[in-house]
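*Asks:* whatever this is, show me its structure:
(chains A and B)
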Amino acid sequence: MPEELVRLEQRLLRRNEDAAAELRRRFRAAGILTVNLMSSPGAGKTTVLERTLASIAPEPAAVVVGDLATENDARRLRRHSPWVRQVTTGTVCHLEAAMVAAVLEGWDLERLHYLFIENVGNLVCPASFDLGEAVRVVLFAVTEGEDKPEKYPPIVHRADLVVLTKCDLLPYLGFDLERFRASVHSVNPAVPILPLSARTGDGLGAWLAWLRSRRAALAVPSS
Amino acid sequence: MHELSLALALVETLEERLRDRSGARVTAVHLRIGPLAGVVESALRAAFEVAAAGTLADGAHLAIERTSIVVRCRACGQERRIDGPGADESDGFVAHLIHLPPTCASCGSSAPAVIGGDELELVAAEVVDA
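*Replies:* Numbers count the residues shown, from 1 in each chain, chains lettered A, B, ... in the order given. The predicted structure follows:
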């Protein structure tokens, strides 16, 4: 039997991309800024979100948080917002659009201004899976070393903002900020970098201003 | 780790697209993968072997074409290919040590846009009918 070459020409993750496109359409229609937060485990995503939720109130903000197991993060975040849901992925190392769609069930999106998706702590896999977000934010902690960004190019390459967390520890570490900036920009030359300390609140104002400006930009119809 | 998700998506796609050719077997799958897709080739091959077992693609060979990163200057439009490690250089993480140029080689403007290199595409399948 002769072999036949069948041209298929399709994106491998089209199913996820279709689900993400549908989510993006829903978020836009509801006027929500959806933020996909990605970092390695322990970079401070949940702590940054706790401060963010407390500071952004009374603007309504929801969180979907992904982990392999436990509701610990959701429990912490529920002190600051009534709209918090945990996705436990089992052994899956990233969130996919269908998981986000399922967990949103029953929420009236029209009532929200922001939706933060705290991805599974992992700098590799989440990069490939569109969740319908408007912006992608990658966090690095000052304890991680300045060259981390260039070690994980795909996730940094697609970031709209890089947040450097735990900056209150800078005086105790030999962290070279300029080296870090160069590392980020070697992979994503135009991305802004925002130093933050969730503990002291330094940088929080700039972070909130960035979120608000991105949300305001949603209302402007793209030409 | 997410290579298993990719392999499952690949098998599902093959089943979907070749549904009307009942009894057909896939002997080879052609993929196009860019250095920014974040795919470890050996992990994808291992995952595909597992995901394809018992399906129409059981035992199929994966032929992987690697693309380069392409940047385009936002000011002058000059395009430039940035070659990652060659296909013969290990099958490890293809994106390692990618350094994008901070400025355009022809006009010196900063921050060129990345316009290619994150491909993750199913190109074709070699099929034998029953």
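
*Asks:* which strands and helices lie in contact with the lowest-mean-pLDDT helix or strand in chain B?
*Replies:* Comparing every helix and strand of chain B by mean pLDDT, DSSP states H and E singles out strand B:113-116 as the least confident one, with a mean of 82. If you count contacts as 3 or more CB pairs under 8 Å, 6 or more residues apart in numbering or on different chains; DSSP states H and E, strand B:113-116 packs onto strand B:69-72. Where you see a C-beta, it was placed from the backbone N, CA and C, and this is true even at glycine.

*Asks:* and the strand it packs on, which residues are buried?
*Replies:* Of the residues in strand B:69-72, those buried under the neighbour-count criterion (16 or more other CB atoms under 10 Å in any protein chain shown) are B:Ile69, B:Val70, B:Val71, B:Arg72.

*Asks:* that one pairs with which strands?
*Replies:* Its sheet considered, strand B:69-72 pairs with strand B:79-82 (antiparallel), strand B:113-116 (antiparallel) by DSSP bridges.

*Asks:* now the phi/psi pair for the residue positioned nearest the centre of chain B, please.
*Replies:* Ranked by distance to the mean C-alpha position of chain B (CA atoms, centre = their mean), the top residue is B:Ile33 at 1.5 Å. Main-chain dihedrals, B:Ile33, degrees, to the nearest 10: phi -130, psi 130.

*Asks:* and the pLDDT for A:Phe116?
*Replies:* You'll see A:Phe116 listed with a pLDDT of 98.

*Asks:* which residues sit against the strand or helix carrying it?
*Replies:* Under the criterion DSSP states H and E, the helix or strand holding A:Phe116 is strand A:114-118. With CB atoms under 8 Å, 6 or more residues apart in numbering or on different chains as the contact definition, strand A:114-118 has outside contacts at A:27, A:32-37, A:45-46, A:49, A:52, A:56, A:59-66, A:73, A:95, A:100, A:109, A:131, A:133, A:211, A:215.

*Asks:* burial of A:Asn188, as a residue count?
*Replies:* Burial measure for A:Asn188: 22 neighbouring residues, criterion other CB atoms under 10 Å in any protein chain shown.

*Asks:* ah, wrong one, I meant A:Cys167
*Replies:* Applying other CB under 10 Å, we find 21 residues neighbouring A:Cys167.

*Asks:* A:Val191 versus that one, what's the distance?
*Replies:* From A:Cys167 across to A:Val191, the span is 18 Å (CB to CB, to the nearest Å).

*Asks:* does the residue nearest the centre of chain A sit in a helix or strand, and which one?
*Replies:* Centroid check for chain A by CA atoms, centre = their mean gives A:Leu37 as the closest residue, at 1.6 Å. Assigned by DSSP H and E, A:Leu37 falls within strand A:33-38.

*Asks:* packing partners for that strand?
*Replies:* Judged by 3+ CB pairs under 8 Å, 6+ apart, the packing partners of strand A:33-38 are helix A:14-30, helix A:45-56, strand A:114-118, strand A:135-141, helix A:204-219.

*Asks:* contacts made by stretch A:30-38 with the rest, please.
*Replies:* Taking contacts as CB under 8 Å, 6+ apart, the residues outside stretch A:30-38 that touch it are A:23-24, A:27, A:45, A:48-49, A:109-110, A:112-119, A:122-123, A:126-127, A:131-139, A:155, A:159, A:211, A:214-215, A:218-219.

*Asks:* ChimeraX command for the buried members of those residues?
*Replies:* To isolate in ChimeraX the members of the contacts of stretch A:30-38 that are buried, counting by 16+ other CB under 10 Å, one can use:
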select /A:23,24,27,45,48,49,109,112,113,114,115,116,117,118,119,122,123,126,127,131,132,133,134,135,136,137,138,139,155,159,211,214,215,218
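
*Asks:* what about the residue nearest to the centre of chain A, distance to A:Ala159?
*Replies:* For A:Leu37, the distance to A:Ala159 under the criterion CB to CB works out to 11 Å.

*Asks:* give me the common contacts of the two.
*Replies:* A:Val137.

*Asks:* what about the lengthiest helix in chain B and chain A, touching?
*Replies:* The helix spanning the most residues in chain B, taking DSSP state H as the definition, is helix B:3-17. Yes: for helix B:3-17, a contact with chain A is found by CB under 8 Å from any CB of the partner chain, at B:Ser5, B:Leu6, B:Ala9, B:Leu10, B:Glu12, B:Thr13, B:Leu14, B:Arg17.

*Asks:* report the buried residues of that helix.
*Replies:* Neighbour-count burial for helix B:3-17 flags B:Glu3, B:Leu4, B:Ser5, B:Leu6, B:Ala7, B:Ala9, B:Leu10, B:Val11, B:Thr13, B:Leu14 (criterion: 16+ other CB under 10 Å).
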